[in-house]
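K.L.:
the sequence and its predicted three-dimensional model are supplied below.
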Amino acid sequence: MYTPERINFIKLGVKGDFEKECIETNGTIKLGYNEIDHQLCMSGQWEKVSDLITKEYSTVQSATTSHKNQIKKFYEEPESAMWVTFYNNSLWYCFAQPGIQVNDDGSKVRNTVGGWKNIDINGKQLFIQELSGRLTKVQGFRGTICDVKEKEYLLNKINGKQSKEVIAVEKSLVELKKNLKLIIKKLNWKDFEIFIDLIFRSAGWSRVGIAGKTAKTIDLELLAPVTDERAIVQIKSESSLKTFNDYKTDFLNMNEYDKYFFIVHSPANDLRNYIDSKLEKDIIIYDDSKLSELCINGGLIGFLLDLSN
C-alpha cells in the first residue's frame, strides 16, 4: 500500500513533449528550464536561481517565485514523494531517485524507482474517465509542477480502496435494491406491465404494439428509433423453466424481430438457477434483481413508491 506524505503533479514537457520518452522508454521524470544553471540548483543557491529566472524569462516577482519553487521541488523532493501525470488516457504515478542528470540541451532528468505505473495495486488500469474531475482538473495547471490537493482520493484509487462515503452509498444501494424487489413483486398485473413499459421507454424504446392486446406470446412490441431494431417482450409475474422454454421456442420462430425479452419478477427455482448460470444467449431475461437495477437507472423509484402508497 502506498502512503507518501507528498504527491506532486508534473507536466512532462510543453504539450506533453517528454511524455512518451519518460513513461514508455526511459522511466524518468524530466524538467525543461534549459537555461537554468544546474550547479546553482544543486548547491541550493535559490536566490541566484531567482535572479537567473528573471533575467532569462523577463518575469515579474510572483512568476519568478513560482518558477523557482517548481524547479526547487524537482531538485529537492525526496525519493518518498510520489509523482503523477496523465498520459494516453491514464493516470500514471512513480517515485524518483534523488540523483539528477543534465542533458546536453540543459534539461534535467531524474530516474524513477521501478518505472511509471498506470494500474492500482490490484492491477486495474487507472483510466482518466473513471477519475473524479476534482483530481483530473490538475491537468489544467499552467506551470510544470504543483501539489496534488486530492491526495486522499488519489491514494484510495491507487490502493484500490473505496472512500467511506462510497462504502456507505453502496451499502444503502444494496438495501434499496432489496426493498425495490419486494415492492415490484407486490405490483398487480396492470401496474407491473405499466412499470415494464416505462423501463423500456426510459431506455429509448418506443412501443408500437398495444400492451396486452397483441399475440399471445407478445405483451409489448418495441422499436428502437435510433437503430431501427425491433423487439418483443413477454411479461410474467411467475414462471418456471419449462414455461420459459415454451416461450423461447415461439420467440425464435418470429424472425422479424431483433431482440427478445422475457420479464419475470418471481421465477421458480429452476428458472432462477438458469438465469444465474448466464447460459441463455438468445433471449434477454430480466428478473427481480435486474428490474430493481433498471428501476434505479431509469429514475422510476418515485413511480413505484406512488403505486405502493
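P.N.:
Now that the structure is in, tell me what you want to look at.

K.L.:
all the helices of the protein, residue numbers only.
P.N.:
If DSSP state H is used as the criterion, the helices of the chain fall at 19-20, 38-42, 46-57, 61-76, 133-136, 151-158, 164-185, 189-202, 241-252, 269-277, 288-297, 301-308.

K.L.:
let's have those helices in TSV, adding mean neighbour count.
P.N.:
C-betas here are computed from N, CA, C, even on glycine. Conversion of these to TSV gives the following (neighbours: other Cβ atoms under 10 Å):
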stretch	mean neighbour count
helix 19-20	16
helix 38-42	15
helix 46-57	16
helix 61-76	17
helix 133-136	13
helix 151-158	18
helix 164-185	13
helix 189-202	17
helix 241-252	15
helix 269-277	14
helix 288-297	18
helix 301-308	13
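
K.L.:
quickly, which of those bottoms out on average pLDDT?
P.N.:
When these are compared by mean pLDDT, helix 301-308 comes last with a mean of 89.

K.L.:
which elements pack onto that helix?
P.N.:
Counting contacts by 3 or more Cβ pairs under 8 Å, 6 or more residues apart in numbering; DSSP states H and E, helix 301-308 is packed against helix 164-185, helix 189-202.

K.L.:
quick one: pLDDT of the residue lying closest to residue 78 once chain neighbours are set aside?
P.N.:
Using Cβ to Cβ, 6 or more residues apart in numbering and skipping the chain neighbours, the partner closest in space to residue 78 is residue 98 (7.0 Å). What the model reports as pLDDT for residue 98 is 92.

K.L.:
cool, and residue 213?
P.N.:
At residue 213, the pLDDT value in this model is 46.

K.L.:
ok, which of the helices of the chain comes nearest residue 263?
P.N.:
The closest of those to residue 263 is helix 189-202. By Cβ to Cβ, the value is 5.5 Å.

K.L.:
between the closest one and helix 164-185, how big is the angle?
P.N.:
Regarding helix 189-202 and helix 164-185, their directions subtend 140 degrees when assessed with axes from the mean of the first three to the mean of the last three Cα atoms, to 10 degrees.

K.L.:
remind me what helix 189-202 packs against, helices and strands.
P.N.:
With contacts defined as 3+ Cβ pairs under 8 Å, 6+ apart, helix 189-202 has these neighbours: strand 206-207, strand 220-224, strand 229-239, helix 288-297, helix 301-308.

K.L.:
can you give the contact residues for the second one?
P.N.:
Outside strand 220-224, the residues within contact range by Cβ atoms under 8 Å, 6 or more residues apart in numbering are 193, 196-197, 200, 204-209, 211, 214, 229-233, 235.

K.L.:
what's the PyMOL syntax to select whichever of these are buried?
P.N.:
Selecting the buried subset of the contacts of strand 220-224 in PyMOL, with 16 or more other Cβ atoms under 10 Å as the burial test, is done by:
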select buried, resi 193+196+197+200+205+209+211+230+231+232+233+235
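
K.L.:
so what secondary structure elements neighbour the longest strand along the chain?
P.N.:
For the chain, the strand reaching the highest residue count under DSSP state E is reported as strand 90-102. Judged by 3+ Cβ pairs under 8 Å, 6+ apart, the packing partners of strand 90-102 are strand 28-31, helix 38-42, strand 82-87, strand 108-112.

K.L.:
just how off-centre is the third one within its chain?
P.N.:
Centroid separation between strand 82-87 and its chain, computed with Cα atoms, centre = their mean, to the nearest Å, is 18 Å.

K.L.:
list the strands paired with it, with their directions.
P.N.:
For strand 82-87, the paired strands and their directions (DSSP bridges) are strand 7-10 (parallel), strand 90-102 (antiparallel).

K.L.:
understood, closing this out.
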